[in-house]
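Trainee: Sequence plus the predicted model coming up.
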Amino acid sequence: MSDITQKQIAKILGVSHMTVHRALQNESSMDPNTRKKVLEACEKYHYRKSHLGYSLRKGNSLLIGVVAATHYSSLVTPILERLQFKMAPDGYNITIVAAEGEVQPADLEGLIAKRVDGIIITARCSSDTNHFLRESKIPVVYNVERPLENAPLCFVGSDDSFGTNLLMDHLFSTHHTRILLLDARTETYGGYIRKETYRQAMEKKTLPSMICKADGWSARHGYAAMINFLKEGRNFDALFAVGDSLAIGAIKALCEKGFRVPQDVAVAGYGNLYPGIIDYITPSLTTIAQPFPSIAENAVDSMIEMMGTGLHSETIILLEPNLIIRESTECEKIETQKK
């Protein structure tokens, strides 16, 4: 039997509904034998207390919504783990909305209908969605995909300016001066920061910027953009892609056209979203690793704080990422080739 109620347990045992309720509340004045009989029946018939029904009477749903971009599993997993660790003991449950593209208000109607107590978002939202969320008065924490418009919000993510400078310094230190940026036409806040920081780094070195635009963020888009760019015959000795998938596609295009990576062109990505993949492609991909466990921890803690105060936070938390050097920019190979 599943989804059994207290009333059904009471009927099975031949006791009142209130007797079952008192047993589940562990009232000290109750006969121990009766309490034992009720608890054994609850276990036998797999009764589970409805936190939702209880919390609705208190004005809360004990539900947390997570809007999860399918390509951000590296962040979604630690967020779910952190929510489970911090909030499950208090009876909270998690409801997930999977997002393939830009999140629209209609995508969130289910969460609003369930009266979730807070929402964590790892996907890119439309302007209408951000306005919709602000009007809902529900505590919301954005991760990774910070809204482009200037609006009050709570954002926890990676410091993309810091990360891009780490990567550019690495490329400069390995004697690269003709660095191409592989960007995406569909701009996100993170992509914008990476592009502008790249431009500033090149300008400080009095080097000209070169930008190649891909039609999207996938490896397929990176491959197509690089094939078209190579037709122009422009000379570059390093490539910085604003996303790892773009870099993977670019490497395939370069290799097909006879370029060696990293000897002819060093290639680096951004995100470290798929470490189980980019560690094992040939060559393995140098990238900036975003601190997903720390992002998850701070995001959940920020939401809990907002839920406790009942106020929307306007906090921006930026956490420092790390540079992971792999074969695609491996210094020894480049230095050996140039001697």
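Mentor: Noted; the coordinates are in hand. Numbering: from 1, shown residues only.
Trainee: Strands of the stretch 1-150 of the chain, residue ranges please.
Mentor: Along the stretch 1-150 of the chain, counting by DSSP state E, counting those that start in this stretch, strands occupy 63-69, 93-99, 118-121, 140-143.
Trainee: Tell me which other helices or strands the third one touches.
Mentor: Pointing back at strand 118-121 there. With contacts taken as 3 or more Cβ pairs under 8 Å, 6 or more residues apart in numbering; DSSP states H and E, strand 118-121 sits against strand 63-69, strand 140-143, helix 292-309. In this view, the C-beta of every residue, glycine as well, is placed from N, C-alpha and C.
Trainee: As JSON lines, the strands of the stretch 1-150 of the chain with distance to P105 would be great.
Mentor: Shown next, in JSON lines, are the strands of the stretch 1-150 of the chain (distance: least, Cβ to Cβ, whole Å):
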{"stretch": "strand 63-69", "distance to P105": "12"}
{"stretch": "strand 93-99", "distance to P105": "12"}
{"stretch": "strand 118-121", "distance to P105": "13"}
{"stretch": "strand 140-143", "distance to P105": "13"}
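Trainee: Adding mean pLDDT, write those out as a markdown table.
Mentor: Formatted as a markdown table, the strands of the stretch 1-150 of the chain follow (pLDDT from 0 to 100):
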| stretch | mean pLDDT |
| --- | --- |
| strand 63-69 | 91 |
| strand 93-99 | 90 |
| strand 118-121 | 92 |
| strand 140-143 | 90 |
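Trainee: between the ones you listed, which one is nearest to G191?
Mentor: Closest of the strands of the stretch 1-150 of the chain to G191 is strand 63-69, at 14.0 Å (criterion: Cβ to Cβ).
Trainee: phi, psi of W217?
Mentor: Main-chain dihedrals, W217, degrees, to the nearest 10: phi -110, psi 0.
Trainee: Distance of it relative to P105?
Mentor: Using Cβ to Cβ, to the nearest Å, we find W217 at a distance of 23 Å from P105.
Trainee: can you list the weak-confidence ranges in the stretch 1-150 of the chain?
Mentor: 1-3, 48-59, 148-150 (pLDDT under 70).
Trainee: which stretches of it form helices?
Mentor: 6-13, 17-24, 32-44, 51-58, 73-87, 109-113, 127-136 (DSSP state H, counting those that start in this stretch).
Trainee: Adding distance to L180 and mean neighbour count, write those helices out as JSON lines.
Mentor: Putting the helices of the stretch 1-150 of the chain into JSON lines (distance: least, Cβ to Cβ, whole Å; neighbours: other Cβ atoms under 10 Å) gives the following:
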{"stretch": "helix 6-13", "distance to L180": "66", "mean neighbour count": "17"}
{"stretch": "helix 17-24", "distance to L180": "65", "mean neighbour count": "18"}
{"stretch": "helix 32-44", "distance to L180": "64", "mean neighbour count": "14"}
{"stretch": "helix 51-58", "distance to L180": "53", "mean neighbour count": "12"}
{"stretch": "helix 73-87", "distance to L180": "26", "mean neighbour count": "18"}
{"stretch": "helix 109-113", "distance to L180": "41", "mean neighbour count": "14"}
{"stretch": "helix 127-136", "distance to L180": "31", "mean neighbour count": "16"}
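Trainee: Understood, closing this out.
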